[in-house]
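Novice: no sequence on this one, just coordinates:
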């Protein structure tokens, strides 16, 4: 049985559907990232799961029990939001123990639990520290400890690291992931940061226009996007307009290209997607097919890799090469790009 289930969850604001028939099953202990651009509906879905928004229709189930209309405090989910919402007039220990005190947990147990959680988030001995005396990363840890204090069945986070600098954000991402794996708690993180989602999640749920566009393991989402929206949003992609010739051949301009999987009905317009790291650049044609000739329009030496663009058939094809594999060409030089068939995916929507 799945731990948390969303069944046709919909939220309408007048004529606008912020969430449009969202259905998802989340197993116990899984780390799920809702990923998408601003306004895609991911935070609306999270707020409905938390009980802070009432669905227009659909249902939310926890362990088979319908909690759609249960009050937020009755769900006892742990929540960390972007603002953190720590109480400035309470010290660290009092912030963490706040929910326990409301539930009538005795003072001795509250003190023990606060100490346990501070050890867990690597802030031992800071019970009496004022919130104003903490760094940004320490405040994040206190917010996480407070959310975990009541041992919630589900842990919800809405862009909790967006205000941190890059180095600290990465440290907190690693710490949260390690903590979640240790506690085996079902966790849902809302983010617009692709790197954050790719490195933290067991499952990524890509949202756009209020709908789930695709969900699955990060590598699957990256390697096999379900449509043009996902291919364009997740990482960098070359998205080339093509015509389908037959089940495994398309044409880009006048160039026929083989693809690795059956691609649809002959004569239809489609999009060929290929990641920059799969593009191979050469000075001359290799004779193996799936090559397009063009002119180097951009070269950027990034140290660990060389990023290049080759103008082919009116569009730039983006690629990356290791310094060892770089052909040493300059802007304006003639070049060929090879698009390996197994790396080409045809998107019909």
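Specialist: That came in fine, so what should we check first? Note that the structure is a prediction, hence the values are computed from the model and not measured.
Novice: show me the helices in this structure, by range?
Specialist: Assigned by DSSP state H, the chain shows helices spanning 42-50, 72-75, 92-102, 107-120, 136-148, 166-183, 194-200, 218-223, 228-233.
Novice: redo these as TSV? Include mean neighbour count.
Specialist: Every C-beta, even on glycine, is put in place using the N, C-alpha and C of the backbone. Rendered in TSV, the data for the helices of the chain read as follows (neighbours: other Cβ atoms under 10 Å):
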stretch	mean neighbour count
helix 42-50	24
helix 72-75	14
helix 92-102	20
helix 107-120	15
helix 136-148	22
helix 166-183	15
helix 194-200	19
helix 218-223	17
helix 228-233	20
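Novice: need these in a markdown table with mean pLDDT, can you?
Specialist: Converted to a markdown table, the helices of the chain look like this (pLDDT from 0 to 100):
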| stretch | mean pLDDT |
| --- | --- |
| helix 42-50 | 96 |
| helix 72-75 | 90 |
| helix 92-102 | 90 |
| helix 107-120 | 90 |
| helix 136-148 | 88 |
| helix 166-183 | 88 |
| helix 194-200 | 93 |
| helix 218-223 | 93 |
| helix 228-233 | 93 |
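Novice: which one, of those helices, ends up nearest to residue 343?
Specialist: helix 218-223 (9.0 Å; Cβ to Cβ).
Novice: could you measure from the spatially most central residue of the chain over to residue 20?
Specialist: Centroid-nearest residue in the chain, with Cα atoms, centre = their mean: residue 197, separated by 3.2 Å. Relative to residue 20, residue 197 is positioned 21 Å away (Cβ to Cβ, to the nearest Å).
Novice: and if you look at residue 201?
Specialist: To residue 20, residue 201 is 22 Å away according to Cβ to Cβ.
Novice: neighbour count for those two, which is higher?
Specialist: Neighbours were counted for residue 201 and for residue 20 using other Cβ atoms under 10 Å; residue 201 has more, 23 against 17.
Novice: what sits against that one?
Specialist: The neighbours of residue 201, taking Cβ atoms under 8 Å, 6 or more residues apart in numbering as the test, are 31-33, 189, 218.
Novice: one more time with 10 Å, if that's ok
Specialist: With contact taken as Cβ atoms under 10 Å, 6 or more residues apart in numbering, residue 201 is in contact with 30-35, 177, 187-189, 191, 217-218, 221.
Novice: returning to what we had before: tabulate the helices of the chain in TSV, adding columns for distance to residue 283.
Specialist: Listed next are those as TSV, based on distance: least, Cβ to Cβ, whole Å:
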stretch	distance to residue 283
helix 42-50	45
helix 72-75	62
helix 92-102	62
helix 107-120	57
helix 136-148	49
helix 166-183	37
helix 194-200	33
helix 218-223	29
helix 228-233	29
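Novice: of those helices, which is nearest residue 258?
Specialist: helix 218-223 (18.0 Å).
Novice: can you list contacts of that closest one?
Specialist: By Cβ under 10 Å, 6+ apart, helix 218-223 touches 33, 35, 194, 197-206, 213-217, 226, 230-231, 233-235, 237, 275, 278, 343, 345.
Novice: let's see that with 7 Å instead.
Specialist: 197-198, 201, 204, 206, 214, 230, 234-235 (Cβ atoms under 7 Å, 6 or more residues apart in numbering).
Novice: and stretch 124-132, by the same measure?
Specialist: 86, 88, 91-93, 95, 114, 118, 139.
Novice: farthest pair within those?
Specialist: 88 and 118, at 18.7 Å, using Cβ to Cβ across the contacts of stretch 124-132.
Novice: residue 311 - nearest residue in space that isn't next to it in sequence?
Specialist: Leaving out its chain neighbours, the residue that sits closest to residue 311 by Cβ to Cβ, 6 or more residues apart in numbering is residue 297, at 4.5 Å.
Novice: hmm, residue 308 and that neighbour touching each other?
Specialist: No - contact between residue 297 and residue 308 fails when scored by Cβ atoms under 7 Å: they sit 8.5 Å apart.
Novice: and the two? which has more neighbours close in?
Specialist: Under the criterion of other Cβ under 10 Å, the comparison of residue 297 against residue 308 puts residue 308 first, with 26 against 15.
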